[in-house]
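Q: Model the structure of this input:
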Amino acid sequence: MSYYTPNPTSTYAPNPTSTYIPNPTSSYSSNLSRYPSSHPRPSYSYQQGPPAGSDPQLWKWFCAVDTDRSGALSVTELQDALVNGNWTKFDLDTVKMLMNIFDTDRSGTIGFNEFAGLWKYIAEWQRVFKHFDRDHSGSIEGRELAEALRSFGYNLSPPLLRALEIRYASTAPSTYGPAPGITFDRFVRACVTVKTLTETFQREDHDNDGWIQLNYEEFLKISLSAP
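A: Modelled structure (predicted):
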């Protein structure tokens, strides 16, 4: 039986209110709140160097992938900045999800301060990934995925776990044998998807009994809310 835990707890949680799933609104992306969407994004000159208090190495990497010298990263430039442990680029859907989370001024691009928050978020996820990649294979397999989700408070049935593993596998699964494993970028998206859909379900489950009633349009809205 699949069910959700209304108030999941985890011994791995850096923040007891967000479980072990990194939260882009927490302290490690606090720089983002300094530039709300109603304010213009600060303009930086590459000749002037990095903004005060920022990481010079991160600034250098930001400049390197900003190939059009616009001062902000497009989705394709952001994809060039993000690689898995095997040096493959992040899946484009994962990059779009990250863009949607961290593009706080809704400009359609990622400025340096937004990039700095995103980078910290990725670093936190890397620690999560390494913790649950028990065999150090560089990917997350079924048993590791189940363990990770349980630690977040999401107790899913074997058929549902299998469906997740197949959905986010790095390559198309074969007819026989185990799924090929989930790379880091897809692992992030899988966990964020489960978290997003669970929280959406919980908002509709007013009596907290694990059941909700939806019409067709409401069902589609929930489905489309997934990253």
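Q: Measure how buried the nearest residue to residue 118 once chain neighbours are set aside is and give me the count.
A: Spatially, and ignoring its direct neighbours in sequence, residue 118 is nearest to residue 102 (4.4 Å; C-beta to C-beta, 6 or more residues apart in numbering). C-beta: built from backbone N, CA, C; applies to glycine. By other C-beta atoms under 10 Å, 21 other residues sit near residue 102.
Q: how far away is residue 102 from residue 111?
A: 9 Å (C-beta to C-beta, to the nearest Å).
Q: and what of residue 158?
A: 43 Å.
Q: The two: which is more packed in?
A: Taking neighbours as other C-beta under 10 Å, residue 158 and residue 111 compare with residue 111 leading, 24 against 10.
Q: From residue 150, how far off is the more buried one?
A: Residue 111 is 37 Å from residue 150, by C-beta to C-beta.
Q: now do residue 56
A: Distance, residue 56 to residue 150, using C-beta to C-beta: 40 Å.
Q: between the two, which one's more packed in?
A: residue 150 (15 against 9).
Q: do you know how far the more buried one is from residue 78?
A: 31 Å.
Q: for residue 137, same thing?
A: 26 Å.
Q: Specify which residue of those two has the higher count of neighbours.
A: residue 78 (25 against 11).
Q: Pull out the buried positions in the helix or strand harbouring that one.
A: For residue 78, the element it lies in under DSSP states H and E is helix 75-81. Using 16 or more other C-beta atoms under 10 Å as the test for burial, helix 75-81 gives 75, 77-81.
Q: Do you have the strands of this structure handy? List them.
A: Listed in chain order, the strands of the chain (DSSP state E) span 3-4, 154-155.
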